[in-house]
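Asker: Pasted the sequence and its predicted model underneath.
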Amino acid sequence: MSSDICPRCKKKGPILLRHDEVCETCRSAQVWARFGKGNQIIVIKAQAETRPTANPDVKPLPRPGPAIWSLLILSLALTAIGFASLVFFFRNPPAKLSLDQFLNRFNDLASAAAVLGAFAFLISTGTSFFGINKRAASKVFRIWGVTLIGLALMVFASGLFCWYRTERVHTLVPPQSGSANSLAQRLYEATTVIYAFNQRSNRYRPATGAGVIIAGRPGRTSILTVPYAQGDSWRDLTNSESLLVSFSDGRLMPGALRWAATPPMNLALIEVETNAAGSAIQFHPIAEAIIPSAEVLVVLNPLEIGWKVERGMILKRRQLRTVSGWSCLVDTDINSQRASVGSGMYDLSGRLLGLNAGYQRNGTAQFVVVSSDFIKSVVATLETESSMKEQTR
């Protein structure tokens, strides 16, 4: 028979109990009473923290050795020297330097910064990857490696950009007299390379062109060139602050612009004070009468392709009227470079016909024909003016 009243404590509960069952409260009291009779003590302790034991077979990674740190320090030193080169690059050079030393200094500093940055980048990259993969996984080591790689790459990129913005001033290597005939040797001796420096347009790089020696007198040499040109070359020679002229025998002399005519005549005279000038070239007496299909000789800038006489043909000609008369322009099938503006065009006997005034979109050269009578009158006028100035001194 079931009942919801406990036979022991006589309390009514929610569960029906058999006649021999007691409620949960009485059952718990009986259990605790049995523990108490045996004087048993129950101690409740916090669960002990278990730590994993180290595996004796796994060896810890060693730290970077002195050799690796020495390579990182070397990379840092190279980066610092390259950065110092860039700092000196943007500073004003000493005033006692000549123009060629002035321009070459920028190129040397930029080249040094790029080379040092490249070496520092290679050393820091190789050392960092070797140390991380083979030697150590230290967080400090990784930070140093990534930092040095970034600094070296920044110095290398800056030095490369500065180097691209500069150009060295080179002197001409004299041609080998035994490897050319007398006509080619005569054309070589009359060829010059002209450096025009304009600090406002480009402080670190001169404009490079060519010229032809047309007259010489004691202590002074006259060079004919082109002041304005198309393409990636000088555009306004008249505004240049300084000029340097490199002769075929290797001499590098300062020059001065004495006369210039705007296009379409597009001719200029530069004078150099020197006692040992190259041989002056002869003018063609009737260069304006040149016709298409005529064969010509051209000596381009020897700094670009070396000493070489190019042989070509006149494709077409056109005449333009100027304040000084008619000016004639001819197109040829000769490929030209940006630094060959001002190079001479000759007939097959070596007489001057014209000067390179630029190049077309297809790379072929365009020449302005030189009127011998007009240029000789300009030279005579300039010599008269120079003589009068010397007498008044």
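Answerer: That came in fine, so what should we check first?

Asker: For stretch 193-212, which residues meet the burial criterion?
Answerer: Of the residues in stretch 193-212, those buried under the neighbour-count criterion (16 or more other C-beta atoms under 10 Å) are 193-198, 204-212. Every residue, glycine included, has its C-beta placed from N, CA and C.

Asker: Domain ranges for the chain, per the record?
Answerer: Residue ranges for the domains of the chain, per automatic domain parsing: 3-37, 66-164, 180-393.

Asker: can you list these in TSV and add distance to residue 172 and mean pLDDT?
Answerer: Formatted as TSV, the entries for these read as follows, by distance: least, C-beta to C-beta, whole Å; pLDDT from 0 to 100:
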stretch	distance to residue 172	mean pLDDT
domain 3-37	115	75
domain 66-164	13	85
domain 180-393	5	83
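
Asker: Distance to residue 171 for these - can I get that in a markdown table?
Answerer: Output for the domains of the chain, formatted as a markdown table (distance: least, C-beta to C-beta, whole Å):
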| stretch | distance to residue 171 |
| --- | --- |
| domain 3-37 | 112 |
| domain 66-164 | 8 |
| domain 180-393 | 5 |
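
Asker: Could I get the full set of helices for this protein?
Answerer: Defined through DSSP state H, the helices belonging to the chain, from first to last, are 24-37, 66-90, 99-130, 139-164, 182-189, 302-305, 372-392.

Asker: Could you identify which of these is most buried?
Answerer: When neighbours are counted by mean count of other C-beta atoms under 10 Å, the highest per-stretch mean among these falls to helix 99-130, a mean of 20.

Asker: That one vs helix 139-164, what angle?
Answerer: Relative orientation of helix 99-130 with respect to helix 139-164: 150 degrees, computed using axes from the mean of the first three to the mean of the last three C-alpha atoms, to 10 degrees.

Asker: burial count for residue 351?
Answerer: The number of residues packed around residue 351, counting by other C-beta atoms under 10 Å, is 15.

Asker: Please apply the same query to the one 4 residues further on.
Answerer: The burial metric for residue 355, expressed as a neighbour count using other C-beta under 10 Å, is 24.

Asker: quick one: it and residue 342 touch, right?
Answerer: Yes - checked against C-beta atoms under 8 Å, the pair residue 355 and residue 342 is within contact range at 5.6 Å.

Asker: which neighbours do those two share?
Answerer: In terms of C-beta atoms under 8 Å, 6 or more residues apart in numbering, residue 355 and residue 342 are both contacted by the residues 212, 224-226.

Asker: from those residues, which single one is nearest residue 20?
Answerer: Using C-beta to C-beta, residue 226 is the member of the shared contacts of residue 355 and residue 342 that lies nearest residue 20, at 129.4 Å.

Asker: so the closest one makes contact with residue 357?
Answerer: Yes - with contacts counted by C-beta under 8 Å, residue 226 reaches residue 357, the gap being 5.2 Å.

Asker: Looking at those two, which is more packed in?
Answerer: More crowded of residue 226 and residue 357, by other C-beta under 10 Å: residue 226, with 29 against 25.

Asker: okay, among the buried residues of stretch 193-212, which ones form the most distant pair?
Answerer: Spanning the widest gap among the buried residues of stretch 193-212 are 204 and 212, at 28.3 Å by C-beta to C-beta.

Asker: Which one, of the helices of the chain, ends up nearest to residue 283?
Answerer: Among those, helix 372-392 sits nearest to residue 283 (C-beta to C-beta), with 3.5 Å.

Asker: If you count contacts, what does the closest one end up packed against?
Answerer: Contact analysis of helix 372-392 by 3 or more C-beta pairs under 8 Å, 6 or more residues apart in numbering; DSSP states H and E lists strand 207-217, strand 220-225, strand 252-261, strand 267-272 as its packing neighbours.

Asker: what residues does that helix touch?
Answerer: Residues outside helix 372-392 that contact it (C-beta under 8 Å, 6+ apart): 214-215, 217, 220, 222, 224, 258-259, 267, 269, 271, 283-285, 287, 324-325, 352.

Asker: Can you select the buried ones among those for me in PyMOL?
Answerer: The command below creates a PyMOL selection of those among those that count as buried (16+ other C-beta under 10 Å):
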select buried, resi 214+215+220+222+224+258+259+267+269+271+283+284+287+352
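
Asker: returning to what we had before: can I get the helices and strands packed on helix 372-392 in JSON lines including distance to residue 88?
Answerer: JSON lines is the format used below for the helices and strands packed on helix 372-392 (distance: least, C-beta to C-beta, whole Å):
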{"stretch": "strand 207-217", "distance to residue 88": "24"}
{"stretch": "strand 220-225", "distance to residue 88": "34"}
{"stretch": "strand 252-261", "distance to residue 88": "24"}
{"stretch": "strand 267-272", "distance to residue 88": "32"}
